[in-house]
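A.B. asks: sharing a model that was predicted from the sequence below.
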Amino acid sequence: MSCPNCPCPEICLGWPVFCEWAAKRPSEPTEILHICGRSRLESTQQYPSLFQQAVNAAHAVGSVVASAVHGEAITVPQEEQDRRLVICHACELWDAAQSRCSKCGCFGAWKTWLSSQKCPIGKW
């Protein structure tokens, strides 16, 4: 499956937000092809223990509750979530087969949506 106007149709991820982002960066075709190609690889990532993943999830819930109590925004705008997801998809720790970060074990689509959350290695 390929997105309309995809810059890498032969290995397209079928993820329109990524294709839109990549189309705006025509000066870096090698990077875009690398991201597309690596995202097609099978999962070989190691994850934190289930206990550590549960601790990470509990901290995320706690920070969301704290944000709500303090009247802060709970979610980020769609543009920011898309920006964060593109960074995740380009990261060496991203497991495309499971749509998860192998560093913290999060599901990127959820974590990138929450304003109180940060990348575990500081990329966003």
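C.D. replies: Cool, the structure landed.
A.B. asks: CA atoms for contacts and neighbours, from now on please.
C.D. replies: OK.
A.B. asks: tell me which helix or strand of this protein sits lowest on mean pLDDT?
C.D. replies: Least confident element among the helices and strands of the chain, by mean pLDDT, DSSP states H and E: helix 29-39 (a mean of 59).
A.B. asks: what's the longest helix seen in the chain in contact with?
C.D. replies: Assignment by DSSP state H gives helix 50-69 as the longest helix of the chain. The contact list for helix 50-69, computed with C-alpha atoms under 8 Å, 6 or more residues apart in numbering, reads 73-74, 104-106, 114, 116-117.
A.B. asks: do a quick rundown of the strands in the protein.
C.D. replies: 94-95, 100-101 (DSSP state E).
A.B. asks: list the helices and strands the first one packs on?
C.D. replies: I take that to be strand 94-95. Judged by 3 or more C-alpha pairs under 8 Å, 6 or more residues apart in numbering; DSSP states H and E, strand 94-95 is in contact with strand 100-101.
A.B. asks: pull the residues that contact the strand it packs on.
C.D. replies: Taking C-alpha under 8 Å, 6+ apart as the rule, strand 100-101 contacts 88, 93-95, 106-108.
A.B. asks: identify the farthest-apart pair in those.
C.D. replies: By the measure C-alpha to C-alpha, Leu93 and Phe107 form the most distant pair in the contacts of strand 100-101, at 12.3 Å.
A.B. asks: all set, thanks.
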